[in-house]
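Colleague: Sequence and computational prediction follow.
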Amino acid sequence: MNNAAVTYYSPVATLVELKVNKGSGEVQVLNHHSWVECGRVLVPELVKGQIEGGTAMGIGHALMEEMPLYEGGPGEGDWNFNRYRLPMARHVAVWKQTAEILPPLSLSDPSKGIAEVVMIPVVGAIGNAVAHAIGKRVRDLPITSARIKEALNG
Amino acid sequence: MKHLLSCLTLAVGLAAPVLLAQADDQVVRGAYLARAADCMACHTASGGAPFAGGLPIVSPFGTIYGTNITPSKAHGIGLYSDDEFFAALTEGKRRDAANLYPAMPYTSYHLMPREDSDAIHAYLKTVEPIERAAPVTRLSFPFNVRLGLMGWNMMYGKDVKLAPTAGKSEAFTRGQYMVEVLGHCGECHTPRGLPGAMQQDKRLTGGLLNGYLAPSLLATDLAARGWNHQDLSAFLKHGMSAQGTMFNEMFPVFHNSTQGLNDADLAAMATFLLGDQPPAAKLLTDVPLDKLSASAQRGRQEYLNVCAGCHAADGEGKPHIAVAMRGNTTLRLDDPRNLVRVIDDGIGEQKFAGFEHMQPMPGFAEKLSHEQLTDLLNYLRQGWGGQPGDLAVNDVQKLRADAPPLEHKAH
Amino acid sequence: MANRPLQLTLNGQSVGPVDIPDDLPMIDYLHEYKNLTGSRLGCGQGICHACVVIVDNPDGTSEEVRTCITGAHYFEGKNVRTIEGHAKRDEEGKVTELNPIQQRFVDEFAFQCSYCAPGFVNAATVLVEKLQRQPIAKSQLEAVIEDSLGHHICRCTGYVRYYNATRNVLTDLGLVKEG
């Protein structure tokens, strides 16, 4: 049993297609597809909604969202969305993205929680995709254009 | 014989790392000089590969495209020798002997020493070659006759001169080179006459660029607008200071150039512009509402309606979010043109250094009538800019009409 | 800070003149004076667009205006619609029919916590009305939706259902022609 008192997890997998502008270091997510198996689904639109929202949040985590710890950070009181960058529709492949909810393992499968688990694999997928694109690993999140330029130029 | 050969080998072996180190040094130096000379700004298109050209430069004579200066042999400068590179930089001479248009600031670079040109060339040789041709510049007759530039170059090509610096500090002399030659600030900040040449007798007194004023950089004028040495250096380094942020054509200067210069050079540039004994920065006090002109008093309500939401009701601004009106340099310019432009056009989203990131400022061209804008300008300029609040609606109307073609409208 | 009179048309009703502070933000006027809390205070500096209302211009066009950064007196004499004004209501004020965008957003689960929903509804409503005046070609549809909704921030939904629902409304209303 883990700290959420469950032993029964919802697996999620995500595939990401992106491109990197090697001059500006900007990353553009072109498409993504996720697979989720969460047992017996009660309201599929809500599960899909979680997938859509969670992958968006993961994209923000992987590519955009950052603030300094301690001094100059959120305690200052001036932090807002001009500096803390949230993913917008144009960042999440809004028209192209797809997802599928896999059928439950058996008819008697209970419903499992999914919450924001969908937010997790997309981050790793983006990290791998960027590495595939530029041939270098960026191991600090978010993978900003500054970090990509640094990885490319040494 | 064997002994001699092994000696030679040893000598070459030892020399190689030294030569390599020197070559590396030259490339590093060249990279820094390229930043100071801001090659990137004109030779890189928006979202394009570095130095691959394609950026359109709108001039009164037509649109000139920045060329591909990557080491591509077919489309860039891969075939250029050091001599030919030097000729391009300092005389505007292409390898095929054609004349470059003076959008390329060879008029300023002509004072660059050979070793700096060689270093920049060495650096550019390490840049990724991009095998794509930049768009070809085609100006309309008679400007497409590049031969005509021969006469222009004879008259104006070497006009920029470095004033003698006897008795000035080292920083001043270094700053002079950074500003007048590499930075080529004079190319925008100097008025130009009909043939498009800089009017050297009015050097650095300000110039017009696509509807915006590149303001005067004379020490007395800078100080009158509240600039001091510390703030000017900070402005160059961060793109922002107590006097406001860099916007419009200055933002790429910060983005591609000044943010990458070292502190000593930035201080030197500020020393050159303000002088070894800078004039005292003029400080202003707020003018109370009842002392403002009638127009300015009406303008206060316009300010509260559409500006105070970000810039704060008392003009204090919000740190990291919106610049303060109090102390802002654009409000203090005698010429109201920039204030008209920035209120009408807005400012696009801007990423500064570190975490600094400004959201777009909306444009109010459709939202404020000529009368409303005039009142607002008078309020801003008289209340916080030390200007009289006496702009007339006719003047504002004319300035509004003198709008440059908008590539991107701020939201 | 002084008071001055404000008069405007709000959700079809004439309001005022009422004396309010000259520096009162519109969102505070809506919340504190009119109890219209549907326009949401999000970032408070004009980025998230949860606070927008619709202003109907005399020339027949409409636009969204951010109430968190615009003073109430800016709206003097203007025609304003808030989220509360879109649905049809009976004499007791109960909702009888949502507008097409609202209905579609409900049907397609377009919002989750709904904090940003009024902003999205207003943006999409402006777009529907704009296309009713001038339909567009199918090839432009996605770009036009991106233009209208693209500045609105949502943290819950990932935007997909908002965009798809808007596209479906425009198509179903016949506002998209071939091309």
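Modeller: Received the coordinates, thanks. Residues are numbered from 1 along each chain as shown, chains lettered A, B, ... in the order given.
Colleague: what's near enough to touch the closest residue to residue C:127 other than its chain neighbours?
Modeller: Distances taken as C-beta to C-beta, 6 or more residues apart in numbering or on different chains place residue C:148 nearest to residue C:127, at 4.2 Å, with adjacent residues excluded. Any C-beta I mention is one placed from the backbone N, CA and C, and that applies to glycine too. Residue C:148 makes contacts with C:123, C:124, C:126, C:127, C:166, as judged by C-beta atoms under 8 Å, 6 or more residues apart in numbering or on different chains.
Colleague: And residue C:148, how far from chain A?
Modeller: Between residue C:148 and chain A the distance, using C-beta to the nearest C-beta, to the nearest Å, works out to 11 Å.
Colleague: Repeat that for residue B:359.
Modeller: Distance from residue B:359 to chain A, by C-beta to the nearest C-beta: 4 Å.
Colleague: correct me, but that residue touches residue C:47?
Modeller: Yes. Counting by C-beta atoms under 8 Å, residue B:359 sits close enough to residue C:47 to count as a contact (5.3 Å).
Colleague: which of the contacts of residue C:148 lies closest to residue B:147?
Modeller: Within those, distances to residue B:147 taken as C-beta to C-beta reach their minimum at residue C:127, with 54.5 Å.
Colleague: In three-state terms, label the closest one for me.
Modeller: Assigned state for residue C:127: helix (three-state reduction, DSSP: H, G, I helix; E, B strand; the rest coil).
Colleague: Would you check how far apart residue B:145 and residue B:151 are?
Modeller: If you measure residue B:145 against residue B:151 using C-beta to C-beta, to the nearest Å, the figure is 11 Å.
Colleague: Can you tell me the closest non-neighbouring residue to the residue in chain B positioned nearest to chain C?
Modeller: Among all residues of chain B, residue B:309 sits closest to chain C, at 2.9 Å; criterion: C-beta to the nearest C-beta. Using C-beta to C-beta, 6+ apart and skipping residues adjacent in sequence, the residue nearest residue B:309 is residue C:69, 2.9 Å away.
Colleague: count of neighbours near the one you found?
Modeller: By the criterion of other C-beta atoms under 10 Å in any protein chain shown, residue C:69 has 24 neighbours.
Colleague: ok but it is inside a strand, no?
Modeller: No. Checked against three-state DSSP, residue C:69 lies outside a strand; its state is coil.
Colleague: for chain A, what spans make up the helices?
Modeller: For chain A, the helices defined by DSSP state H occupy A:44-63, A:121-134, A:145-153.
Colleague: how's chain C carved up into domains?
Modeller: The record, using automatic domain parsing to delimit domains, assigns chain C the ranges C:3-85, C:88-177.
Colleague: pLDDT score assigned to the residue in chain A positioned nearest to chain B?
Modeller: Going by C-beta to the nearest C-beta, chain B is nearest to residue A:82 of chain A, at 4.1 Å. Among the per-residue scores, residue A:82 shows a pLDDT of 96.
Colleague: Just give the number of residues close to the closest residue to it other than its chain neighbours.
Modeller: The shortest distance from residue A:82 to any non-neighbouring residue, by C-beta to C-beta, 6+ apart, is to residue B:359 (4.1 Å). Here the count is done by other C-beta under 10 Å, and residue B:359 has 22 residues near it.
Colleague: do the same with residue B:246
Modeller: Applying the criterion other C-beta under 10 Å, we find 22 residues in the vicinity of residue B:246.
Colleague: what does the one 5 residues further on give?
Modeller: Summarising burial for residue B:251: neighbours were counted as other C-beta under 10 Å, giving 18.
Colleague: now do residue C:142
Modeller: The burial count assigned to residue C:142 is 13, neighbours taken as other C-beta under 10 Å.
Colleague: Check the offset of stretch B:38-47 from the chain's centre.
Modeller: Here stretch B:38-47 shows a centroid-to-chain-centroid distance of 12 Å under the convention C-alpha atoms, centre = their mean, to the nearest Å.
Colleague: let me fix that: stretch C:71-84
Modeller: Distance, centroid of stretch C:71-84 to centroid of chain: 11 Å (C-alpha atoms, centre = their mean).
Colleague: those strands in chain C, which residues are they?
Modeller: For chain C, the strands defined by DSSP state E cover C:3-10, C:13-21, C:52-56, C:62-66, C:79-81, C:88-89, C:95-97, C:136-137, C:176-177.
Colleague: Can you pull the poorly scored residue ranges out of the chain?
Modeller: I went with chain A, as the question did not name one. Within chain A, the stretches falling below the threshold (pLDDT under 70) are A:1-2, A:6-7, A:154.
Colleague: could you do chain B instead?
Modeller: Counting by pLDDT under 70, chain B contains low-confidence residues at B:1-19, B:405-411.
Colleague: cutoff 80 now
Modeller: Per-residue confidence of chain B (counting by pLDDT under 80) places the weak regions at B:1-23, B:404-411.
Colleague: tell me the pLDDT at the residue nearest to residue B:309?
Modeller: Looking at residue C:69, its pLDDT reads 98.
Colleague: hmm, back to that, please identify the most buried of the helices of chain A.
Modeller: Burial among those, expressed as mean neighbours by mean count of other C-beta atoms under 10 Å in any protein chain shown, is greatest for helix A:44-63, which shows a mean of 23.
Colleague: and residue 21, how many neighbours?
Modeller: As the question left the chain open, I've gone with chain A. The criterion is other C-beta under 10 Å. On that basis, residue A:21 has 15 neighbouring residues.
Colleague: looking at chain B here, not the other one
Modeller: Look at residue B:21: counted by other C-beta under 10 Å, it has 10 neighbours.
Colleague: Who are the contact partners of residue 47?
Modeller: If you meant another chain, say so; for now it's chain A. Residue A:47 makes contact with A:36, A:38, A:41, A:101, A:114 under the criterion C-beta under 8 Å, 6+ apart.
Colleague: right idea, wrong chain: chain C
Modeller: A:80, A:81, A:82, B:359, C:151, C:153.
Colleague: Same list (these) but as JSON lines, adding distance to residue B:141.
Modeller: As requested, those are arranged in JSON lines below (distance: C-beta to C-beta, whole Å):
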{"residue": "A:80", "distance to residue B:141": "53"}
{"residue": "A:81", "distance to residue B:141": "51"}
{"residue": "A:82", "distance to residue B:141": "48"}
{"residue": "B:359", "distance to residue B:141": "45"}
{"residue": "C:151", "distance to residue B:141": "45"}
{"residue": "C:153", "distance to residue B:141": "51"}
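Colleague: Identify the farthest-apart pair in these.
Modeller: Based on C-beta to C-beta, the longest span within the contacts of residue C:47 runs between A:80 and C:151 and measures 14.7 Å.
Colleague: mind listing what the nearest residue to residue A:21 once chain neighbours are set aside touches?
Modeller: Leaving aside its sequence neighbours, residue A:21 sits nearest to residue B:47 (C-beta to C-beta, 6+ apart; 6.3 Å). Applying C-beta under 8 Å, 6+ apart to residue B:47 gives the contacts A:21, A:23, A:24, A:26.
Colleague: mind listing what residue B:251 touches?
Modeller: B:239, B:350.
Colleague: where does it land in three-state SS?
Modeller: Here residue B:251 takes the helix state, with states given by three-state DSSP.
Colleague: isn't residue A:121 right next to residue A:11, touching?
Modeller: No. Using C-beta under 8 Å, residue A:121 and residue A:11 do not qualify as a contacting pair, with a distance of 9.2 Å.
Colleague: gap between the residue nearest to residue B:148 when sequence neighbours are not counted and residue B:153?
Modeller: When the adjacent residues along the chain are set aside, residue B:148 lies closest to residue B:142, with 6.3 Å between them (C-beta to C-beta, 6+ apart). Relative to residue B:153, residue B:142 is positioned 16 Å away (criterion: C-beta to C-beta).
Colleague: can you pull out the strands in the stretch 301-411 of chain B?
Modeller: In order along the chain, the stretch 301-411 of chain B carries the following strands (DSSP state E, counting those that start in this stretch): B:350-351, B:357-358.
Colleague: a markdown table for these, including distance to chain C and mean neighbour count?
Modeller: Shown next, in a markdown table, are the strands of the stretch 301-411 of chain B (distance: least, C-beta to the nearest C-beta, whole Å; neighbours: other C-beta atoms under 10 Å in any protein chain shown):
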| stretch | distance to chain C | mean neighbour count |
| --- | --- | --- |
| strand B:350-351 | 14 | 18 |
| strand B:357-358 | 11 | 20 |
